[in-house]
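1. this one's sequence-less:
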């Protein structure tokens, strides 16, 4: 399910460096404890598999992370958002929805539990909004919505980049090429989008 993404991105961005050679990995993965709230129970990983518990958790958590970003972005349609912000929100919606399908496909292929599109309500990952913050965003209109959306989505994206860093800090993780390429995309694309959002926020604050 990830292979199309890999072919599209490998020529555009360097693959993140592997943190440990596959042959150096232990023959049986050690017991792994979830570091975040609400992730599905980890299913057995076959001996000798190139992926780790950290890879599975990264994708499960990123599905929830993306799902909340999509929910945030879809609010823009009915909140009087500026046309520029509305285009940006639609781009997040479309791109992250397709990435969710890819992540779910990887989890299916590897026999792991698959969070659904409502998973952001039960899974908590770095940078994700609280229920109160989501309510605050939903209640905002016009310029106030634009400002709040940008501030909260910057925090949201920073959390996703932190999730990539956590993945790479886990021994033996990101050896699977599809996971590695996807993590590369998250880091590069969302870093660029943070820069764009900072500029949009500066422009908004500078308008009379």
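-> That came through fine. Just so you know, these numbers come straight off a predicted model, no measurement behind them.
2. can you tell me which residues contact the residue nearest the centre of the chain?
-> Central residue of the chain (CA atoms, centre = their mean): residue 62, 3.9 Å from the mean position. When contacts are counted by CB atoms under 8 Å, 6 or more residues apart in numbering, residue 62 touches 99, 103, 125, 160, 163, 186. Every residue, glycine included, has its C-beta placed from N, CA and C.
3. switch to 7 Å and redo it
-> Shown in contact with residue 62 (CB atoms under 7 Å, 6 or more residues apart in numbering): 103, 163.
4. ok, so what distance separates it from residue 187?
-> Relative to residue 187, residue 62 is positioned 12 Å away (criterion: CB to CB, to the nearest Å).
5. now do residue 157
-> When CB to CB is applied, the distance between residue 157 and residue 187 equals 10 Å.
6. Of these two, which one has the most company?
-> Neighbours per residue (other CB atoms under 10 Å) separate residue 157 from residue 187, with residue 157 holding more: 22 against 19.
7. now that one, nearest residue through space, not along the chain?
-> Nearest residue to residue 157, sequence neighbours excluded (CB to CB, 6 or more residues apart in numbering): residue 190, at 4.3 Å.
8. give the contact list for that neighbour.
-> Contacts for residue 190 were tallied using CB under 7 Å, 6+ apart; they are 157, 160, 161.
9. residues in contact with the first one?
-> Same thing as residue 157. The contact partners of residue 157, by CB under 7 Å, 6+ apart, come to 190, 193, 194.
10. got it, and the last one?
-> Contacts of residue 161 were listed using CB under 7 Å, 6+ apart, and they are 187, 190, 191.
11. do the same with the second one
-> Taking CB under 7 Å, 6+ apart as the definition of contact, the neighbours of residue 160 are 65, 127, 186, 190.
12. 10 Å - rerun?
-> For residue 160, the set of contacting residues under the criterion of CB atoms under 10 Å, 6 or more residues apart in numbering consists of 61-62, 65-66, 69, 96, 125-128, 183, 186-187, 189-191, 193-194.
13. out of the contacts of residue 157, who's nearest residue 81?
-> Distances from those to residue 81 were compared by CB to CB; the smallest belongs to residue 193, at 16.0 Å.
14. circling back to that earlier point, which residues do residue 62 and residue 187 both contact?
-> Where contact means CB under 10 Å, 6+ apart, the residues bridging residue 62 and residue 187 through contact with each are 160, 163, 164, 167.
15. Could you list the single helix or strand in this structure with the lowest mean pLDDT?
-> Lowest on mean pLDDT, DSSP states H and E among the helices and strands of the chain sits helix 3-9, with a mean of 37.
16. Show me the shaky parts of the protein.
-> Applying pLDDT under 70 to the chain flags the ranges 1-36, 208.
17. longest helix in it, by residue count?
-> Ranked by number of residues, the top helix in the chain under DSSP state H is helix 177-206.
18. quick revisit: can you pick out the ones from the contacts of residue 190 that are in helices?
-> Judged by DSSP H, these include 157, 160, 161 as members of helices.
19. now the first one: how far from residue 43?
-> The reference is to residue 157. When CB to CB is the yardstick, residue 157 and residue 43 sit 30 Å from each other.
20. sorry, back to before: with residue 68 as the reference, measure out to the residue nearest to the centre of the chain.
-> For residue 62, the distance to residue 68 (CB to CB) stands at 11 Å.
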